[in-house]
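Trainee: Need a 3D model of the following:
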Amino acid sequence: MTPEQIEILKTARHLIEQGWTQGNYARNAIGDRTDPAAENAVCWCTLGALRRASGFGIALNHLVYCMEEDRYRIETNYGVVTRRLIDCIPSHQGYTAGELVSFNDAANRTKADVLKLFDDAIQGVSV
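Mentor: Residues are numbered from 1 along each chain as shown. The predicted model follows:
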């Protein structure tokens, strides 16, 4: 992993620490669904935090303003950090974003579980 990708994981973890949600990428202060990159977002799911930290949603929503090499870098970083988190899910069944959605949204899942997943993903990564 590159230093930028490790920083994305750390930033996403920090977002989750500020506020965590299930069932949507992000929510505002009154609990309504919002875009993970929106200024009014106060809590994020695992994927929502990764999207915000990597700029993934921003790049896709503003392609006309995003240079091709920036878009490629953002999409690559998002894919790498997503895969890293999936690798840390105990007994994961595949390599799709759905694995993270299932992990995050499980009925018995806690914010502490999600933070531990990020800690496990960050721990021991090499640059």
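Trainee: Just give the nearest non-adjacent residue to L50, would you?
Mentor: Among residues not flanking L50 along the chain, A12 sits closest, at 5.0 Å (CB to CB, 6 or more residues apart in numbering). C-betas here are computed from N, CA, C, even on glycine.
Trainee: residues near that neighbour, how many?
Mentor: 26 (other CB atoms under 10 Å).
Trainee: phi, psi of it?
Mentor: phi -60, psi -40 (degrees, to the nearest 10).
Trainee: Please tell me the pLDDT value assigned to it.
Mentor: pLDDT recorded at A12 is 98.
Trainee: That one contacts R52, correct?
Mentor: Yes. Taking contacts as CB atoms under 8 Å, A12 lies within contact range of R52: 7.3 Å.
Trainee: what do the two both touch?
Mentor: Counting by CB atoms under 8 Å, 6 or more residues apart in numbering, the shared contacts of A12 and R52 are W44.
Trainee: ok, V42 - how many residues close by?
Mentor: 17.
Trainee: for P3, that is, sorry about that
Mentor: So P3, with other CB under 10 Å, has 9 neighbours.
Trainee: how far away is it from D105?
Mentor: Distance, P3 to D105, using CB to CB, to the nearest Å: 30 Å.
Trainee: How about G55?
Mentor: 24 Å.
Trainee: Settle it for me: which of the two has more neighbours?
Mentor: Neighbour tally, G55 and D105, criterion other CB under 10 Å: the higher count belongs to G55, 20 against 14.
Trainee: what residues are up against L100?
Mentor: Per CB under 8 Å, 6+ apart, neighbours of L100: 46-47, 82, 85-86, 89.
Trainee: Longest helix of the protein, counting residues only.
Mentor: Identified as the longest helix of the chain according to DSSP state H is helix 68-87.
Trainee: returning to what we had before: which of the contacts of L100 ranks first by neighbour count?
Mentor: T46 (29 neighbours).
Trainee: coming back round to it: now the longest helix of the chain: mean pLDDT?
Mentor: Mean predicted confidence for helix 68-87 is 80.
Trainee: Which strands and helices lie in contact with it?
Mentor: In terms of contacts (3 or more CB pairs under 8 Å, 6 or more residues apart in numbering; DSSP states H and E), helix 68-87 is packed against helix 3-18, helix 46-54, helix 56-61, helix 97-105, helix 111-122.
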